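Chemist: Fold the following and give me the result.
(chains A, B, C and D, ligands or ions: 4)
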Protein chains: 4
Amino acid sequence: MVRFDPAEEAHTDRDHEIASSPFERYNSVRRRTEWLTRNLTPEDQTAQSMPDASPAKWHLAHVTWFFETFLLTPHLPGYKPFDPRFGYLFNSYYEALGPRQPRPQRGLLTRPSVADVMAYRAHVDAGMQRLLSSGDEGLGDLLDLGLAHEEQHQELILMDILHLFAQSPLRPAYAPPRSAPSVDEAGVAAFVGFEGGLVEIGHSGEGFAFDNEGPRHKVWLEPFSLSDRLVTNADWFAFMADGGYRRPELWLSEGWARVQAEGWTAPLYWQEGEGGWHAMTLNGLRPLDPAQPVAHLSFFEADAFATWSGARLPTEAEWEHAAADPRLHQIFDVRWQWTRSAYGPYPGFRPAPGAVGEYNGKFMAGQFVLRGGCCVTPPGHVRATYRNFFQPHQRWMFSGLRLARDGV
Amino acid sequence: MVRFDPAEEAHTDRDHEIASSPFERYNSVRRRTEWLTRNLTPEDQTAQSMPDASPAKWHLAHVTWFFETFLLTPHLPGYKPFDPRFGYLFNSYYEALGPRQPRPQRGLLTRPSVADVMAYRAHVDAGMQRLLSSGDEGLGDLLDLGLAHEEQHQELILMDILHLFAQSPLRPAYAPPRSAPSVDEAGVAAFVGFEGGLVEIGHSGEGFAFDNEGPRHKVWLEPFSLSDRLVTNADWFAFMADGGYRRPELWLSEGWARVQAEGWTAPLYWQEGEGGWHAMTLNGLRPLDPAQPVAHLSFFEADAFATWSGARLPTEAEWEHAAADPRLHQIFDVRWQWTRSAYGPYPGFRPAPGAVGEYNGKFMAGQFVLRGGCCVTPPGHVRATYRNFFQPHQRWMFSGLRLARDGV
Amino acid sequence: MVRFDPAEEAHTDRDHEIASSPFERYNSVRRRTEWLTRNLTPEDQTAQSMPDASPAKWHLAHVTWFFETFLLTPHLPGYKPFDPRFGYLFNSYYEALGPRQPRPQRGLLTRPSVADVMAYRAHVDAGMQRLLSSGDEGLGDLLDLGLAHEEQHQELILMDILHLFAQSPLRPAYAPPRSAPSVDEAGVAAFVGFEGGLVEIGHSGEGFAFDNEGPRHKVWLEPFSLSDRLVTNADWFAFMADGGYRRPELWLSEGWARVQAEGWTAPLYWQEGEGGWHAMTLNGLRPLDPAQPVAHLSFFEADAFATWSGARLPTEAEWEHAAADPRLHQIFDVRWQWTRSAYGPYPGFRPAPGAVGEYNGKFMAGQFVLRGGCCVTPPGHVRATYRNFFQPHQRWMFSGLRLARDGV
Amino acid sequence: MVRFDPAEEAHTDRDHEIASSPFERYNSVRRRTEWLTRNLTPEDQTAQSMPDASPAKWHLAHVTWFFETFLLTPHLPGYKPFDPRFGYLFNSYYEALGPRQPRPQRGLLTRPSVADVMAYRAHVDAGMQRLLSSGDEGLGDLLDLGLAHEEQHQELILMDILHLFAQSPLRPAYAPPRSAPSVDEAGVAAFVGFEGGLVEIGHSGEGFAFDNEGPRHKVWLEPFSLSDRLVTNADWFAFMADGGYRRPELWLSEGWARVQAEGWTAPLYWQEGEGGWHAMTLNGLRPLDPAQPVAHLSFFEADAFATWSGARLPTEAEWEHAAADPRLHQIFDVRWQWTRSAYGPYPGFRPAPGAVGEYNGKFMAGQFVLRGGCCVTPPGHVRATYRNFFQPHQRWMFSGLRLARDGV
Ligand SMILES: [Fe+3]
Ligand SMILES: [Fe+3]
Ligand SMILES: [Fe+3]
Ligand SMILES: [Fe+3]
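Modeler: Ligands and ions are numbered 1, 2, ... in the order given. Got it, this is the predicted structure:
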C-alpha cells in the first residue's frame, strides 16, 4: 500500500486539526501542498503525461488562482492580481470566467517557472492573510471550498506524478520505498448484511460539504450485504488466472471494447517481469503484495470482477448507508471504491449561480461515483457523504472495489 | 410530425391486434418489416451512413438470424441453416455466439443481395411456421422476444434510412409528403403535479417485457410536476434565439464540448435556407412546423433546454409513475422523451444466462434512458415500463423532451 | 495471373483496334466499360470500400460527366445536361468546377440508382453521337482525353471491385476461375545492360499522350542493368522467409513505420490458410502460383525487396529508355512496375489552363511513378512514355517490380 | 530577419575557424551548443511542443549519445558509458541500435534532469579529449560527422524552442529584440540566366560532406533563370492580398487539402493584430518587416507562390549549379530555399553499412530538398552541395524561397 510516512505527515496533520484561526487552517493546507512537491525537480513539475493529468506546477498555480479569483479579487479591497495573464493560464474549466489554456497543452507552459509560481503563491498568501484577518464573517464557505479544492488537487498531484513517472523508462520513485504497513485483517472477506428500507443519504447541511453531496433525501433500499474488506491483489490474480481479461461475458459492452482496444491484461501500472508481477508506485517499481487491496482499476474492471465473483458493485446509497458500521473496514483510507451508481444530481439539487456553480454539477453525465477515500487523500478531507467521480475507463486514481450482494 | 399514413398502416395494425395464433402474430410482424422497405432500392438497402446505423438489408437479415439462432436451430428438429456463413454476417453483438462482421463495415456486405436476403427470410419463415405449428408450449417467451426485437429493428430501419437520405445531396424522400396531422392541444403547456412518496415502478411479470424493465421495485419520489405536452419547434426557436447553442452555462461540460467540436447550432437535420428553417424528414426536406414537437435532440440538448427553461428533465421513475395520468398528452406516439436517468440495472436485476442475456444488460454504462415511444415506433410495441436508451450525444432517434419541475 | 479470358475480350479488342470513326472509337470504349460491370449487382456497384476506392456506379457516372462537362456542354449547341445536380455528385476533384461530393462519401449515393446512371450514359452517348457526327475538327484532343480517361477508370473499376470483394467475408469472385495462362519464360532472371549516356525520354507530340508525359527532354543516364522479368511470388516467398517484413534495415523509414502500424507481413490480399498461401483475386480466393509475378505491392515493399536483393528500383528514365529492348519481358501487360522516381514535372512542363489542367499536374507531390501496364489495363491504353503514379503506401493496384542495378 | 548578435557570436566563430586540433574543433562546437541554451530554464528545456520537435535537453543529450555510441564505445579502450539506460532514451531513430523512447514522448523525460545531462556531456567530453589526444588517425570522418550532426541539432534547438515559445500565451522571447540588420539590396528582384547543358553536381569527395551529397554526377540542364534574391514579406503580402490562400488553382492537390484542413491563411507564426501583422520570432512577437525575406513556409506555400508569380521553384541541380554565381544574393545565410526536387538518392548512392548508414538514406521518400542555409544555421556548417530535406507540409524551419524560370 502506498502511503506517506506517518512520522513525516504527523506535524501537518496536527497543524490541520488543531488549527484555530481561519488563516492557520489556510496556512496548514497551503504548506502541505508545497511539502508534497518538495522533492520534485522543475522538470518533473512541468511535464504533462496525458490530457487527464496536469503538471504539478500547474496544480500549484491553479489552486492559488482559485483563491485569487473567488476570494481576493471580489473581497479584498485594493487587491492587485499577481499577473493578469494568469487567469488565462490557470483557469481549469470555468466557462463563466472566459477562455483558458487548452487542457492538453498545460505541459507547454514552461513559463511561468516554478520559482515564478512560488512567488505567485506567496503573493496570494499575503493577500489571504490580510483578507482573513479582516474579520469578514461571510467568507467562511468560500474559504472552506478553496481549502477543500486545494486538498483535492493535493491528491491529483500525487496521481499525476505517479502517472508521469510510470511513463518514464527510468521508473523514478516519488518517495523512497518503505516497508508496507500491515494490512488490517485481510484474511477471508465476510459479508455484512443490512436490512435497508426507507433511509436517508446525502449531506444534511452541518459542516462543510460540496454542493453535490446534498440535498439530504430519502432512498428506498432493498436488503443487501457488503464485504467487510476490499478486493486484494491476491483476489485479482485469481481473476486473471481464470481468464478474467479474456472473457467477454464478464464485461459491460463498452468495457470489453476498451479491453480489446487498449490491450488491458492487468490493472494499470502492473507489469510482469522476471521476478513476477510488479507495480509502479510512488515508491518506484515494487513487487505486488498479494495481501494489499488492488488499486488502479477502471469501473469496467471493477464491474467485471464483481460479475466474475457472483456479486455486484454497491450503489452509492448502499455504501453511504453502511459506511458507519464498525464491522466494515478500509472505508476511508485505502482505496476509492467504485459504485454502480452513475454520477447524477440528487433530488432537488441545483448548482450555485455564477462560476462557482460549475464546480461539480456540469460533470453529471458519463461518470460513475466512487466512495470512501484512499491512501493519498489528505487527512480529514473525506466523509461518508463524499461523492468522488470519474469516467468508467479511467484508472490513474487509487481506485479499488468492495463487493456487494442482494439480501442480508 | 413524421408519421405513416394511418390508412396505409391500418391493415397491418389490425392484423397485429386481432392475431390469434402465434404464427399469425409472427407473420404480421414479419410482413410489416418487408412493407417498410418496399420502396427502397437495393442500393438504398445496402449503404451504411455511419457506424451507429445499419443498412436496411442488414436489418432484414439480422432479425431473421435472430429467429434462426434462438428458435429454429435449438428447437426445430432437422432445421438446416440457410447459409452457415450468415452467423458471422448477421450477428450484431452477441459475444457468446462468436466473431462477427465489424459493425462499421456492414455497408461492405454487397453480397448476399437483397434478393438473397428475401430468400433467407422465406426459408426462416417456413421453419418458423413448422415450429410454431408443432405446439411446443415453451417457446412463447422466445417468440415474444424475437417479435419485439424485430419491431425494434423496424424503428431502426426508419431511423437509419432517414440518416442515410439526409447525407445525400439529393435529399430523397422515403415516403411522399402528406399534410401533417393536427397536433393535439399544443397550446400553452401546463404542469401537472404529482405527490410522489413510496411508489413502485418496473414490470410486474405479466405479459411480455424486456428483462431490463424488471424487477418491479419500490422508489421514493419527492413531489414533482411534468409538463402535459412536449417541447415544440416554436419553443426550440426561442431557445436558439436566446443564444441557447452559444451559452456554455446552460450545458453539461461534455455537452458543451460536443457543441463546439461538432458545430451544433440546431437539432439534427435542421437547415436554414432561403425559405427559412427546414428539416430533413422521411418525407424529404420540409419546412419546420412550429407547433410540432421538436425531434432529433441529443440528451445534452434536451438537458440544456430544460436548464434554460428553469426546469429539468424528469427521472425515469417520475415519468413511469406519471405516465398513466390522463392529463398528460403525447406519451407514447410522438417523440421519445429523454430522462435524466442514466441507464442502469434495477435492484435485483440479473441478465439471463447465455447469449440472450446480452440483449440489454451489457449496455448499462454511459447511456441515458428515454421513455414513451414515437411516431415511427411500431404500433403496440411500447408500454409504460419500457426503457429505451441511447448515448447522450446521439441524435438520429426521434427524440424530444418533456419538462419536469420539483414540487407540485 | 489475373486476366480476362482472351476469348471474351477478343471482340472488344478488335472493335477497339479497327475503329475507324470517332464515334466508333467512342462507342467501343463506352461499351467495354459496361461490359466490365455486367456481372455486378446494384449493391456491388454502390458500396465504397475505402476512401481511395469508388463505387462502380460512381465510375460509370463520373466518366460520363467528363464527356458532358468538357465536350457536350461547351461544344454541342443546345445540349441540356441530364441532371444539373450530377455536377456536384460526379465531379471527382476539379476545383475549377466547383464543390463536389466528398470523396469518402461516394458510397452514400444510393440515388441515382444504377438504372438512372445507365440512362445518364445513354443520354450522353446520344449527345456524343450528335457532336461527333457534326464534323467538328477541333475536338480530337478532348475526345482522346475523354476516352483515355474512361479507360483509366475501367482499370480502377476492377481494382476497386477487387478491394471491395476482398473485404467481404464471402470472398466473392468477380469472374469465374480459369486456368492461369502460362507465364513467358519465368525461369531465372537475367540482367540486361544499357550503356546510358545522354538520352531523351518523354512524349514527342505525335499521337495522344497525357500532358504529364512531356515535354520530351534530355536526361543523362549512367550505365545500368534491368532484370528481363518481374519479381515472382516465389521470389517474394524467399524474401518473407528471410525475415523481409521484420528487418528494419531493409526499409525506408516511412515504410517501416507502415509495416508496424498496419501489421504488414505479406502483400495485400495474401492470406495463409490450411492449404498454404492464397490470394484474393478477381477470380476469388486462389492458391498462389509461385511462378506468377507478385502483385499488390506498395512502393515501400518493392524498395525493401530491391534492397534485400542487393539491387535497386529503376528510375523512370532508365525504364523508358530500356522499354523497347526486346530482351526485356513483361513490360506492358502483367504488373505495373514501381520506379524510384518521385512523380514530378518534366523540364518545361506546364499544366493546361482551366479545369482540364487539373488532370495530372496538381498531384506532383508525394507520389511515385510506376511504368508499364498490367493485366487489367485496357488493351491499347499504355505506351512507353506513360507515367502512372500512386502514393508509396498504396497497394490495391496491380503493382509489382522489376529490379535494376548500377553498371552494365 | 532573426539573427544572433554578431558581437556575441563572434568569439565562437573565431574559435571555430582557427581551431587547429581535433579536440579544439570538438570543444568549439560543444561549447556553442551550451551557449545556445544558456538562457533557457530547466522547464524550457524539457517541454516538447509537437512530435516533430524535441526538448532542448533531449538535443543536448542526444548529440552526446552520438559521440558516445559511434566514437567512444567502439574506439576508446576502457570507456564506460555514463548510464547504460541512456541508449534507450537518446537514440533518435537508429533501428540497428535497438528500441528507443517513442519520439512523441520525449517531453515526458523529466529525468535525467538538465544538470544530469550536463554531467553526461562533461563525461563524454572527457572521454573525447582522451580519444582525440590518442592520435588515432582513422576517426576523422566520424568526428566530422559527429560535429556536423551536433551543428544540425544546434539549428534544431532554435527551431524547436521557437515553436515551443510560439505555443505559449506569454510569447516569451528567446533573446532580446535587436534592430534588424539592413537587408542587402532587397530592391526589385532580377532574374539571372544560366545556359545549363551537361553539368556536374554533388560532392566530389574532398572535405567533409554528408553521404547524401554524393556521388558527384552528370545532370542535363535546360537553360534557366534564378531570382537574385529571396521572396520578401512584402511579396507575400501581395500574394495574400490577391487571395493566395483562397485560390485552389494555385495549389498542389495535397497542399490545398492542408490549407483547408489546418486553416492556413498566412505563413507559420504570423498573426494579425491591432497594429497590423506580426510574427513570433526568437526575439518575441515582432512587427513584420516588409523588406525581410519571408520565413516559415511549407513547400506547398512556396510552390503556390511560384505558380501565382508565373514562375516555378528551381530544381536542386539548377540551384547547386548556380550557387557560386556572385550575381545571386542570400544564398547561405538567410532562408533555406525550397526546391521542386523530391529528396532521393543520387545515381550510385549507397548508404554506409551499419547504424551510421541510417543517417540520411532511409528518409528518401516523401520529402523535398531545401538548399542554402539560414540565419540560425551554425557558421561554416553548409556548402553548395548540402541537401537539407523536410516533408512538404512542415513549416517550423526557417524556410523561404527563390523563384526560377525556364530559359535565360
Ligand atoms: Fe480545480
Ligand atoms: Fe438486434
Ligand atoms: Fe477521373
Ligand atoms: Fe540526430
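Chemist: what's the neighbour count on the single nearest residue of the stretch 251-400 of chain A relative to chain C?
Modeler: Nearest residue of the stretch 251-400 of chain A to chain C, counting by C-beta to the nearest C-beta: residue A:263, 13.9 Å away. (Each C-beta comes from the backbone N, C-alpha and C, glycine too.) For residue A:263, the neighbour count with other C-beta atoms under 10 Å in any protein chain shown is 8.
Chemist: What of residue A:200?
Modeler: Using other C-beta under 10 Å: residue A:200 sits among 13 other residues.
Chemist: thought it was touching residue A:220?
Modeler: No - using C-beta atoms under 8 Å, residue A:200 makes no contact with residue A:220, being 10.9 Å away.
Chemist: Chain B contacts on the stretch 301-408 of chain A?
Modeler: Taking C-beta under 8 Å from any C-beta of the partner chain as the contact definition, the stretch 301-408 of chain A meets chain B at A:303, A:340-342, A:344-345, A:347-348, A:358, A:362-366, A:368, A:392, A:406.
Chemist: next one: stretch A:196-213 to chain centre, how far?
Modeler: Here stretch A:196-213 shows a centroid-to-chain-centroid distance of 19 Å under the convention C-alpha atoms, centre = their mean, to the nearest Å.
Chemist: what about it and chain B, any contact?
Modeler: Yes - contact of stretch A:196-213 with chain B (C-beta under 8 Å from any C-beta) involves residue A:198.
Chemist: Repeat that for stretch A:251-265.
Modeler: Yes - residues of stretch A:251-265 contacting chain B under C-beta under 8 Å from any C-beta: A:251-256.
Chemist: In the residues you listed, find the pair that's most separated.
Modeler: The span of those, defined through C-beta to C-beta, is set by A:251 and A:254 at 8.6 Å.
Chemist: Name the residue in the two with the higher neighbour count.
Modeler: Taking other C-beta under 10 Å, residue A:251 and residue A:254 do not tie; residue A:251 has more neighbours (23 against 18).
Chemist: Check the stretch 251-400 of chain A for the residue nearest chain D and tell me.
Modeler: residue A:284 (12.0 Å).
Chemist: Tell me which residues touch that residue, please.
Modeler: With contact taken as C-beta atoms under 8 Å, 6 or more residues apart in numbering or on different chains, residue A:284 is in contact with A:171-173, A:177.
Chemist: rerun at 10 Å
Modeler: Neighbour list for residue A:284: A:165, A:170-177, A:278 [criterion: C-beta atoms under 10 Å, 6 or more residues apart in numbering or on different chains].
Chemist: Run through the bridge partners of it.
Modeler: For residue A:284, the beta-bridge partners are residue A:281 (DSSP bridges).
Chemist: Next one: it relative to residue C:170, how far apart?
Modeler: Remark: distance between residue A:284 and residue C:170 (C-beta to C-beta, to the nearest Å) = 54 Å.
Chemist: count of residues packed around whichever residue of the stretch 151-300 of chain A sits closest to chain B?
Modeler: Residue nearest to chain B within the stretch 151-300 of chain A: residue A:248 (3.7 Å; C-beta to the nearest C-beta). Neighbourhood size, residue A:248 [other C-beta under 10 Å]: 19.
Chemist: Touching, it and residue A:300? I think so.
Modeler: No - Residue A:248 is beyond contact range of residue A:300, at 11.8 Å (criterion: C-beta atoms under 10 Å).
Chemist: re the thing from before, shared neighbours of residue A:251 and residue A:254, anything?
Modeler: A:300, B:362.
Chemist: report the longest helix in chain A, please.
Modeler: helix A:140-167 (DSSP state H).
Chemist: Quickly check: that helix near chain B or not.
Modeler: No - residues of helix A:140-167 are not located near chain B by C-beta under 10 Å from any C-beta of the partner chain, the shortest gap being 16.5 Å.
Chemist: before we move on, back to that, quick one: common contacting residues for residue A:200 and residue A:220?
Modeler: Common neighbours of residue A:200 and residue A:220 are listed as A:317, B:220 (criterion: C-beta under 10 Å, 6+ apart).
Chemist: Can you tell me, leaving aside adjacent residues, what's nearest to whatever residue of the stretch 301-408 of chain A ends up closest to chain B?
Modeler: Scanning the stretch 301-408 of chain A for the residue nearest chain B gives residue A:342, at 3.3 Å (criterion: C-beta to the nearest C-beta). By the measure of C-beta to C-beta, 6 or more residues apart in numbering or on different chains, the closest residue to residue A:342 outside its immediate chain neighbours is residue B:342, 3.3 Å from it.
Chemist: Next, the contact list for the one you found, please.
Modeler: Contacts for residue B:342 were tallied using C-beta under 10 Å, 6+ apart; they are A:341-344, A:364-368, B:299, B:316, B:364-369, B:389, B:392.
Chemist: And for residue A:207?
Modeler: Applying C-beta under 10 Å, 6+ apart to residue A:207 gives the contacts A:144, A:383, A:385.
Chemist: Just the buried ones from the residues you listed?
Modeler: Among the contacts of residue A:207, those buried by neighbour count (16 or more other C-beta atoms under 10 Å in any protein chain shown) are A:144, A:385.
Chemist: any chance of the contacts of residue A:207 in CSV, plus distance to residue A:159 and pLDDT?
Modeler: As requested, these are exported to CSV (distance: C-beta to C-beta, whole Å; pLDDT from 0 to 100):
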residue, distance to residue A:159, pLDDT
A:144, 23, 97
A:383, 20, 97
A:385, 22, 98
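Chemist: quick one: the residue positioned nearest the centre of chain A from chain C, how far?
Modeler: The geometric centre of chain A, computed from its C-alpha atoms, lies nearest to residue A:155 (C-alpha atoms, centre = their mean), at 5.6 Å. Look at residue A:155 and chain C: by C-beta to the nearest C-beta, to the nearest Å, they are 37 Å apart.
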